[in-house]
Each structure stands twice: as C-alpha cells, then as structure tokens.
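Engineer: this one's sequence-less:
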C-alpha cells in the first residue's frame with residue numbers, strides 16, 4: 001500500500017480541518033485489507049492521533065470532493081447563511097461543493113470556505129445585508 005505523507009482531516013483536539021502529517025502506522029490484528037490504522041500529527045496544534053482509514057480514502061486526491069447531487073444542494077447567495085457540511089450550488093461557477101469552514105473577517109463580514117468539485121477550495125461571502133452592499137456602492 002502506498003502511504004501518503006499528508007492528508008486533510010479534522011483534528012480531534014483543535015477541531016479544525018488541517019493538513020496532517022503521517023508519522024507511523026500500527027500493524028493490523030486481523031489482516032483486514034480494507035482498513036489501515038495510521039498515526040498522523042496535526043499541522044496546527046501538533047497533537048498526534050491514531051486514525052483508522054480505508055484504502056479508498058488513501059487513494060483520493062487532494063481537494064477531491066465526494067460526488068454531490070444537484071437536487072440536494074442549496075443555491076448560493078451572499079445574503080444567505082450556511083452551515084458546515086452543507087452542500088451548495090454556485091450558479092456563476094456552475095459548480096457544486098460542500099462548506100468546510102466558516103470564518104469572520106477583520107471587517108466583521110462573515111465568510112465560508114467551500115470545497116468545490118471542479119474548482120477546489122474557494123472563500124465566499126455569506127450573510128451580507130442588502131443595505132451593506134448598497135452603502136459600499138455609493
């Protein structure tokens with residue numbers, strides 16, 4: 001089995017989706033060919049964790065998103081509010097993705113990070129009131 005040096009995974013300690021570095025593996029007891037136990041270190045908080053991964057997740061490319069169906073997606077609009085894990089469709093990009101993180105920028109505007117199927121990760125605005133948009137145009 002080919003071991004990747006890094007994976008993207010949510011750290012159990014700092015609760016962030018981070019790049020985790022491979023530090024070692026644990027031998028399997030039942031010789032299960034479908035799952036493998038590996039030690040990974042979080043890139044943010046430096047805590048190590050034993051992860052049970054399937055071989056399918058090891059071969060998945062960075063930024064690749066699990067297939068999303070258009071019928072399950074919410075149409076994106078900067079006036080709407082989204083939750084982490086929610087599936088959205090962006091009509092301008094003609095792409096579907098999943099919200100992976102929510103942030104608040106220094107100017108108080110809320111943003112979301114969406115992992116799109118074609119474009120990869122993009123930062124989008126959310127919860128913008130119409131009067132704020134009109135005031136910036138003046």
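Structural biologist: Received it, and whenever you're ready, just let me know what you need. Small disclaimer: the values here were computed from a predicted structure and weren't measured. Numbering: from 1, shown residues only.

Engineer: which residues of this protein score low on pLDDT?
Structural biologist: 1-4, 26-35, 53-67, 130-138 (pLDDT under 70).

Engineer: where exactly do the strands run in it?
Structural biologist: Using DSSP state E, the strands of the chain run over residues 6-10, 17-26, 35-42, 48-54, 74-75, 87-90, 95-104, 110-116, 120-126.

Engineer: redo those as CSV? Include distance to residue 68.
Structural biologist: C-betas here are computed from N, CA, C, even on glycine. Below are the strands of the chain laid out as CSV (distance: least, Cβ to Cβ, whole Å):
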stretch, distance to residue 68
strand 6-10, 17
strand 17-26, 17
strand 35-42, 25
strand 48-54, 20
strand 74-75, 11
strand 87-90, 5
strand 95-104, 4
strand 110-116, 9
strand 120-126, 14
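
Engineer: domain-wise, how is the protein divided?
Structural biologist: The chain breaks down by automatic domain parsing into domains covering 6-58, 70-137.

Engineer: possible to save those as JSON lines with mean neighbour count?
Structural biologist: What follows is the domains of the chain, written out as JSON lines (neighbours: other Cβ atoms under 10 Å):
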{"stretch": "domain 6-58", "mean neighbour count": "14"}
{"stretch": "domain 70-137", "mean neighbour count": "14"}
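
Engineer: spatially central, which residue of the chain would that be?
Structural biologist: Computing the C-alpha centroid of the chain and ranking residues by Cα atoms, centre = their mean puts residue 100 first, at 3.7 Å.

Engineer: looks like that residue contacts residue 115 (just checking).
Structural biologist: Yes. Counting by Cβ atoms under 8 Å, residue 100 touches residue 115, with 5.1 Å between them.

Engineer: what do these two both touch?
Structural biologist: Between them, residue 100 and residue 115 share these contacting residues under Cβ atoms under 8 Å, 6 or more residues apart in numbering: residue 121.
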